[in-house]
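Colleague: got a predicted structure here, sequence first:
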Number of protein chains: 2
Amino acid sequence: MPSASRSRSLPSGDPPSVSDPIRIDVAAAAGGYPVLVGAGASSSLPQLARAHAPGGRVGLVSDSNVGPLHAERIAEACRQEGLAVSLQTFPAGERSKTRTRWAELTDAFLDFGLGRDGCVMAVGGGVATDLGGFVAATYLRGVPVIQVPTSYLAMIDASVGGKTGVDVEAGKNLVGAFHAPVAVVADTALLRTLPAKERGEGLVEAVKHGAILDGDHLEVIEEGASDLLAAEADTAASVIAASVRIKAEVVAEDEREGGYRQILNFGHTVGHAVEAASEYGLGHGSAVALGMVAEAQMGEEMGITVAGTRDRLERVLGRILGRDAVSDAAPETADALFTRAVGFLDQDKKVRGGRPRYVLLEGIGSVAPGEGWTHDVPDEIAHGALERVLKGG
Amino acid sequence: MPSASRSRSLPSGDPPSVSDPIRIDVAAAAGGYPVLVGAGASSSLPQLARAHAPGGRVGLVSDSNVGPLHAERIAEACRQEGLAVSLQTFPAGERSKTRTRWAELTDAFLDFGLGRDGCVMAVGGGVATDLGGFVAATYLRGVPVIQVPTSYLAMIDASVGGKTGVDVEAGKNLVGAFHAPVAVVADTALLRTLPAKERGEGLVEAVKHGAILDGDHLEVIEEGASDLLAAEADTAASVIAASVRIKAEVVAEDEREGGYRQILNFGHTVGHAVEAASEYGLGHGSAVALGMVAEAQMGEEMGITVAGTRDRLERVLGRILGRDAVSDAAPETADALFTRAVGFLDQDKKVRGGRPRYVLLEGIGSVAPGEGWTHDVPDEIAHGALERVLKGG
């Protein structure tokens, strides 16, 4: 365009500079939205906030870890842009993902005077994006939310799909809403402050994307494992962008989780049960890693999944989690964990109104269609596989 | 159809019997839904529930008044159809429309084992349909809801539009979601149990529909006032159906309240403030009646609304509310009510992030476009009109 802005430093036609974020456009019923991935991408937040908060007010949600590291700086940058910002931080951790915190954040923004012409911004890991997203979904019956994931897990998994929610006593994420963001900004430079343990945990979801739909993606992760664990910003950006693309394609097919989107739950039926059984002492990634391995084992035993799939997954997960994913994740308490996990699978049965359903692979990169992309697995096979994986074998 | 069910008593081709419900199809982004209006329409509920709860479980929400009168019978009829029903009743009244009740109902249904393959049914007035609707909107990120309004207000106003929510300290309906029902069943035979006072209160919203879009509708209400107040089921059905059609057309234009839907807020800027100022001692209908009269007065003073509109509205509202709508609704406490209402208008300002906006008529049946269908009214005119209306003048 001849009238291109003069503030753009590169003449049009040149290749984008290495720090230009990768942009993925996600389709959603309520209007699509961009996911921007790259080192430094968060510098675009003040302008994005301005665009989505014509009234000039921004309700910023973050946690006690990410707040001082990143959210305060982002709030300040927004204020420099002339926006009024209310930064609300909650104590870091899954235990904050409650209806009580949701109500407190809502009331703080009402008190601040955030209106329909304002927006919410959530800065942090999956707890911040889920909780902040749910506040936005129900605030004055829904205001725009800009998601700013700062962990691998949130960048890879929570960026796309519009799921928001909180945990209740009966289980995780049982209360919530689908509320697509207006934009997602994944600044991979922020990953440097992510604790080492959480890096591998978060990359497990990228492994899942490779496992269900793209064997090449799995190889890229395996080969780039050291760089990824070192939070090298450009390698991270390229893997995150590839994962976001995979998830965006799935969600575009099935925004409300009626069918095809089920494939994203590979590893999660067992994963959620194990995570709950550990009282959330086990990280989400480790739990899903165990879940994927157990569900691959089930599939192999049922003759649905090609032999060797479990081994391949274990190898990649071992690189990512920096250890033998399975035996380390299941300490001496394996017996107790197994018993409790089976209990949670039964509870899942009750809550979902039927038997637990499992996503099973045909092999790496391909999900077995089953019935609505899930399978009924006989209890003896499901529990047997879980026991083998938890106790080693 | 030659294979028509033998249980149908009339041969096909005959005109429908008088007890066949009127069906209005409402358009909605997530798929349209039918509103069934007529005496006896609730007999279709077991089959509707069966269709929307393939898992066989129904979470029924009602209040302590409507539960024994109607919801228990409906629950029993659903059980006869082979469905498992959990009937949860809350104490009748607006004060139950809280996040606490919402959480209690949610937890009760989780405990009952209501799954994604179940549905919620809300039986009662606007509190039950708003609260039950919000439970459904956020339960496992959204399950289907069948709305069964049993009051004029809920049949006329809450049936269409998908608004759900609860009140918080800062104001009414500030937390909620848009969640379109899968069906609405307005059985006008149930209106017989509606206390006389609430009949007129509820019909005020029908007057509003006439005021903004259809002068003929206003005349039908005025002429049928005695039958309507006597809850004569067929007259009620025809007026409710006409109102539902008007509202459905507006909502189809603007499902998420971005613009045109604002016209449904005629009378409501003042109405909500007066209602809050009375600490909800004043009924919603009486408050909106005062609001419509005050906002007509504002419009006339600003030269936007044709002279005589306020008088016309007062006359119809007087027939419906069975008294002089204005002076009776504003007792000796008019001074205090006025002061408090102005305070709430200021608070509204703060919460909505700007000045309060008013919907103003050009005349009966026609709204002045203004800016996004609302107007900024100078405080001295707005407060002056409110004072005149509250104190008589």
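Modeller: It's in.

Colleague: hey, let's count contacts and neighbours off CA atoms from now on
Modeller: OK.

Colleague: residues in the stretch 1-150 of chain A within reach of chain B, list them.
Modeller: Along the stretch 1-150 of chain A, the residues adjacent to chain B under the rule Cα under 8 Å from any Cα of the partner chain are A:55, A:107, A:110-118, A:137-142.

Colleague: of those residues, keep whichever come out buried.
Modeller: The neighbour count (16 or more other Cα atoms under 10 Å in any protein chain shown) marks A:55, A:107, A:110, A:112-118, A:137-142 as buried among the residues of the stretch 1-150 of chain A next to chain B.

Colleague: and which of those residues is nearest to A:Leu282?
Modeller: A:Leu282 has its nearest neighbour among these in A:Ala137, at 29.0 Å by Cα to Cα.

Colleague: on the pLDDT front, check the closest one for me.
Modeller: pLDDT for A:Ala137: 98.

Colleague: tell me the SS of it?
Modeller: helix (DSSP: H, G, I helix; E, B strand; the rest coil).

Colleague: my guess is it meets B:Ala177, correct?
Modeller: Yes: using Cα atoms under 8 Å, A:Ala137 is in contact with B:Ala177, at 7.0 Å.

Colleague: endpoints of stretch A:169-189, how far apart?
Modeller: 36 Å (Cα to Cα, to the nearest Å).

Colleague: what sits up against stretch A:143-150?
Modeller: The contact list for stretch A:143-150 (Cα atoms under 8 Å, 6 or more residues apart in numbering or on different chains) reads A:42, A:49, A:52, A:116-126, A:129, A:132-133, A:136-137, A:155, A:158-159, A:180-188, A:190-191, A:194.

Colleague: what's the average pLDDT for it?
Modeller: 98.

Colleague: out of the contacts of stretch A:143-150, which are inside strands?
Modeller: Mapping those onto strands (DSSP state E) picks out A:Cys119, A:Val120, A:Met121, A:Ala122, A:Val123, A:Gly124, A:Ala183, A:Val184, A:Val185, A:Ala186, A:Asp187.

Colleague: are any of these buried, and which?
Modeller: A:Cys119, A:Val120, A:Met121, A:Ala122, A:Val123, A:Gly124, A:Ala183, A:Val184, A:Val185, A:Ala186, A:Asp187.

Colleague: pretty sure A:Leu218 is in contact with A:Val204, am I right?
Modeller: No: with contact defined as Cα under 8 Å, A:Leu218 does not reach A:Val204; the gap is 10.4 Å.

Colleague: give me the neighbour count for A:Leu203.
Modeller: By the criterion of other Cα atoms under 10 Å in any protein chain shown, A:Leu203 has 29 neighbours.

Colleague: wait, A:Glu232
Modeller: Neighbour count of A:Glu232, defined by other Cα under 10 Å: 17.

Colleague: run through the bridge partners of A:Tyr139.
Modeller: B:Val175 (DSSP bridges).

Colleague: list the contacts for A:Tyr152?
Modeller: A:Leu191, A:Glu198, A:Arg199, A:Gly202, A:Leu203, A:Ile240.

Colleague: so how far is chain B from it?
Modeller: Applying Cα to the nearest Cα, to the nearest Å, the value for A:Tyr152 to chain B is 24 Å.

Colleague: quickly find the element holding the closest residue to A:Ser86 other than its chain neighbours.
Modeller: Nearest non-adjacent residue to A:Ser86, counting by Cα to Cα, 6 or more residues apart in numbering or on different chains: A:Gly59, 5.1 Å away. Using DSSP states H and E, A:Gly59 maps to strand A:57-63.

Colleague: and that strand, how far from the chain's centre?
Modeller: Remark: strand A:57-63 is offset 19 Å from the chain centroid, using Cα atoms, centre = their mean, to the nearest Å.

Colleague: tell me the mean pLDDT for that strand?
Modeller: Here the average pLDDT along strand A:57-63 is 98.

Colleague: same check on stretch A:214-223?
Modeller: 96.

Colleague: number of nearby residues for A:Ser74?
Modeller: Slight slip there: residue A:74 is Ile, not Ser. A:Ile74 has 21 neighbouring residues, counting by other Cα under 10 Å.

Colleague: helix, strand or coil: sort out it for me.
Modeller: Look at A:Ile74: counting by three-state DSSP, its state is helix.

Colleague: and the pLDDT for it?
Modeller: Note for A:Ile74: predicted pLDDT of 98.

Colleague: doesn't A:Leu45 make contact with it?
Modeller: Yes: under the criterion of Cα under 8 Å, A:Ile74 makes contact with A:Leu45 at 7.4 Å.

Colleague: centroid residue for chain A?
Modeller: A:Asp157 (2.4 Å; Cα atoms, centre = their mean).

Colleague: tell me how far that residue lies from A:Lys247.
Modeller: Relative to A:Lys247, and taking Cα to Cα, A:Asp157 is found at 8 Å.

Colleague: now for the two: what residues contact both?
Modeller: With Cα under 8 Å, 6+ apart, A:Asp157 and A:Lys247 have no common neighbours.

Colleague: what about A:Ala206, how many residues nearby?
Modeller: By other Cα under 10 Å, the residues close to A:Ala206 number 23.

Colleague: do the same with A:Arg23
Modeller: With other Cα under 10 Å as criterion, A:Arg23 counts 16.

Colleague: what's across from it in the sheet?
Modeller: Bridge pairing for A:Arg23 - DSSP bridges - gives A:Leu36.

Colleague: got a pLDDT number for it?
Modeller: So A:Arg23 comes in at 97 (pLDDT).

Colleague: contacts only, for it.
Modeller: For A:Arg23, the contacting residues are A:Pro34, A:Val35, A:Leu36, A:Val37, by Cα under 8 Å, 6+ apart.

Colleague: before we move on, what about A:Ala75?
Modeller: Residues in contact with A:Ala75, defined by Cα under 8 Å, 6+ apart, are A:Leu60, A:Val85, A:Leu87.

Colleague: same question, A:Thr188
Modeller: Taking Cα under 8 Å, 6+ apart as the test, what A:Thr188 contacts is A:Val37, A:Gly38, A:Ala39, A:Gly40, A:Ala41, A:Thr150, A:Ala231, A:Ala233, A:Asp234, A:Ala236, A:Ala237.

Colleague: change it to 7 Å
Modeller: A:Thr188 makes contacts with A:Val37, A:Gly38, A:Ala39, A:Ala233, A:Ala236, A:Ala237, as judged by Cα atoms under 7 Å, 6 or more residues apart in numbering or on different chains.

Colleague: out of those, which one sits closest to chain B?
Modeller: Ranked by distance to chain B (Cα to the nearest Cα), the contacts of A:Thr188 are led by A:Val37 at 27.2 Å.
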